[in-house]
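Undergrad: sharing a model prediction with you, sequence too.
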Amino acid sequence: MSKRKVSGSMLCRTLALTLALTLAASPFAMAAGDKGAAAPAAEKLSNGKNVGVYTGSALSVGENRFLTRKEIEVQWDGIDPEYSPEKAVDAVKTLLPEQAFEELFPYRLGSKQWFEVAKGKEYFKEDQTDYFSYNNLIEAVVEVANLKLKIHSRKGNPGSQEVIRFDKDARIETLVSRSADFDSVDNRKKEIETVIVDFGTFLKEGFKKDRKRELAAFLANLSHETGGGWATAPGGELKWGLFWNENIAGRTGVNLDPFVDENSAELYPGAKDKRYYGRGPIMLSWNFNYGLFSSIIYGDKSVLLSKPEIVAQDGKVGYMTAILFWMTPQAPKPSAHDVIVNKWKPTKADMAKGLGMRGFGVTIMVLNGLEANLGETEGSSVKRRAGHYRDITQAMGVDITGEKVNTLGMEPF
């Protein structure tokens, strides 16, 4: 099982997955905190581009407010019915029927085959649910489709951010986090750049082939991160994707570190006797990540901070954390979603780093820049990622001939 963490300061860093074999904390570039509400001003959005006159939300971190339909149109680019939760079920079922999913992941955590191989092992749980079930995937896609996220960043200083959550059905926005220096004297002079992410666009943009490729790429990357297979495994190594959902050292107590970062403890305090080791499809780690993802999913940071085990107990929540990461850009990196559905346009700098051939290989670089310049050779992590991608796209009837699926010649963003 790959041991990974999400690290950084505010969203652009907090959602940046990095390989951490020792699971050691990366220090914050700056402390996150709520220093009081900024004075509101007229907000002018232009399809997620520069805002300029906006000086900050009048809300304090954790506070929310109801929006009128006009405010939603002006401040959130409206609500597109094509990206509604009601459309989410068909989006998944059309791309990958349940039977095909079952055949691709027979040894997933909690399946019948998992019980057969896990019985008698130290990790066996008699009451283990089908964590990575098809139904949990669908429910997660439905839940995230009701959410939008807005990221305000000071131009030239992407770490200076304000992050806002919007619940489409309730028509309520919540200030999720604000960096301590977001509205400082110096930053007030800097233009604000805004990105709006509609999580309802997951699996719903681009040609049907691109939508299938997105689901395949998403599941392939998760399968590598949670894979339990080996070269001579029954059924083949690729049939053992989605086998794990907890960091082994954290779960067994070999590593009793609580994974609470002091720089973020004021905003995202760790609960007594709770540990924030890697859990779920992306091995969510550290108090600041549990707090941030809890804020996005529930609108309340305390839910996962007080009960981090929910991420490993509830497959729907686990899938949600993965989708949220998949859909959110992390400057200077695009979102994996935008890469795979061809919404992203590589810059000259990206091209110079070998990132111009958009496809599965670039999604690997978005998720883990430490896997740069790797081919499908024995022992290469990219070999299994690409193997899963080929396996899933073949089951979907998608021809990926010519698509660059490795990271050879690529440098990190």
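TA: Sure, I can see it. Everything numeric in this text was worked out from a predicted model, so none of it was measured.

Undergrad: which residue sits closest to G78, ignoring its sequence neighbours?
TA: Computed as CB to CB, 6 or more residues apart in numbering, the closest residue to G78 that is not its neighbour in sequence is I72, at 6.1 Å. To be clear about C-beta, it is placed using only N, CA and C from the backbone, and glycine gets the same treatment.

Undergrad: what secondary structure does the one you found sit in?
TA: The three-state label for I72, taken from DSSP: H, G, I helix; E, B strand; the rest coil, comes out as helix.

Undergrad: quick one, what contacts it?
TA: 78-79, 166, 171 (CB atoms under 8 Å, 6 or more residues apart in numbering).

Undergrad: residue boundaries of the strands in the chain?
TA: 4-7, 16-19, 64-66, 147-154, 157-167, 172-178, 192-198 (DSSP state E).

Undergrad: and these as JSON lines, adding mean neighbour count, distance to E122 and mean pLDDT?
TA: Listed next are the strands of the chain as JSON lines, based on neighbours: other CB atoms under 10 Å; distance: least, CB to CB, whole Å; pLDDT from 0 to 100:
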{"stretch": "strand 4-7", "mean neighbour count": "24", "distance to E122": "22", "mean pLDDT": "39"}
{"stretch": "strand 16-19", "mean neighbour count": "19", "distance to E122": "25", "mean pLDDT": "35"}
{"stretch": "strand 64-66", "mean neighbour count": "13", "distance to E122": "44", "mean pLDDT": "97"}
{"stretch": "strand 147-154", "mean neighbour count": "23", "distance to E122": "37", "mean pLDDT": "96"}
{"stretch": "strand 157-167", "mean neighbour count": "21", "distance to E122": "39", "mean pLDDT": "92"}
{"stretch": "strand 172-178", "mean neighbour count": "24", "distance to E122": "38", "mean pLDDT": "95"}
{"stretch": "strand 192-198", "mean neighbour count": "20", "distance to E122": "40", "mean pLDDT": "95"}
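
Undergrad: rebuild the ones you listed as TSV, extending it with distance to T377.
TA: Formatted as TSV, the strands of the chain follow (distance: least, CB to CB, whole Å):
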stretch	distance to T377
strand 4-7	21
strand 16-19	18
strand 64-66	50
strand 147-154	38
strand 157-167	35
strand 172-178	41
strand 192-198	35
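
Undergrad: and the end-to-end length of stretch 390-410?
TA: Taking CA to CA, to the nearest Å, stretch 390-410 runs 20 Å from one end to the other.
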